[in-house]
Each structure stands twice: as structure tokens, then as C-alpha cells.
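Colleague: Pasting the sequence and the predicted coordinates here, then a few questions.
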Amino acid sequence: GVGDGGASNDGGISTKAVKSLSRPLPVKGLKNISHAACGALHSLAVSEDGRVFSWGLGLYGNLGHGDRETQWFPKEISAFGGLYGVRNVRVA
């Protein structure tokens, strides 16, 4: 499964933890994930059916939701709604 592996008080981890973790944890709400990219401030995941999710610090709109809101849990990016069924999407 996909997990969170870092620690951040600004949204880089969905468990709201502030301590460092030695191993990844499952991310609540994500299933059938084929690809993931995890950073210090935000993370992205692509499901097997082509849906793209992001969570973390929303500063400067870097999560792709059209706002600057921090997302503590994965939220589907609606702009990618037309990608359903695409199997080879990559995130970085």
C-alpha cells in the first residue's frame, strides 16, 4: 500500500503527527494506488483507474484544487476527472 513516511506539522503527513516515523504508514482513504510521490510538504497518488489525489500543504495552490487550503487527507483533483481509465499516469 501507499504510506506516509515523514513528519511535518504543515500537512506533509495525513496523520497530523509531528514526530518522525521510521516506516511508512497506510494513508486513510486510499485504495488501489498504482503510483505515489511523497514530499516534505505534499504528496500525490494515482489510482489504478487513473484518479489523482493530493494532500499536504496547500500554500500557493500546489495541491491542484484551485485553492490554498491544506488537506490533511487525500482529496481527488477534479481537474483530472477526464483521465478515468488512463493506466500510465505518473506523478512526481
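Modeller: It's in.
Colleague: which stretches of the protein form strands?
Modeller: Applying DSSP state E to the chain gives strands spanning 3-4, 25-26, 33-38, 42-47, 52-56, 71-76.
Colleague: and the angle from the fifth one to strand 42-47?
Modeller: What that stands for is strand 52-56. Orientation note: strand 52-56 sits at an angle of 160 degrees relative to strand 42-47 (axes from the mean of the first three to the mean of the last three C-alpha atoms, to 10 degrees).
Colleague: What strands flank strand 52-56, and is each parallel or antiparallel?
Modeller: Here strand 52-56 is paired, per DSSP bridges, with strand 42-47 (antiparallel), strand 71-76 (antiparallel).
Colleague: Export the first one to PDB, keeping only CA atoms.
Modeller: Read that as strand 42-47. Below are the C-alpha coordinates for strand 42-47, written out as PDB (Å, rounded to 0.1, in the frame of the first residue of the first chain):
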ATOM      1  CA  HIS A  42       2.600  17.500   0.000                       C
ATOM      2  CA  SER A  43       2.000  14.100  -1.600                       C
ATOM      3  CA  LEU A  44       0.200  12.700  -4.700                       C
ATOM      4  CA  ALA A  45      -1.200   9.400  -5.600                       C
ATOM      5  CA  VAL A  46      -2.700   7.900  -8.700                       C
ATOM      6  CA  SER A  47      -5.200   5.100  -8.500                       C
END
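Colleague: Could you check the angle that strand makes with strand 33-38?
Modeller: Using the same axes, to 10 degrees: strand 42-47 against strand 33-38 is 170 degrees.
Colleague: leaving aside the residues next to it on the chain, what's closest to residue 71?
Modeller: For residue 71, ignoring the flanking residues on the chain, the nearest one in space by C-beta to C-beta, 6 or more residues apart in numbering is residue 55 at 4.4 Å. (C-beta placed from N, C-alpha, C; glycine too.)
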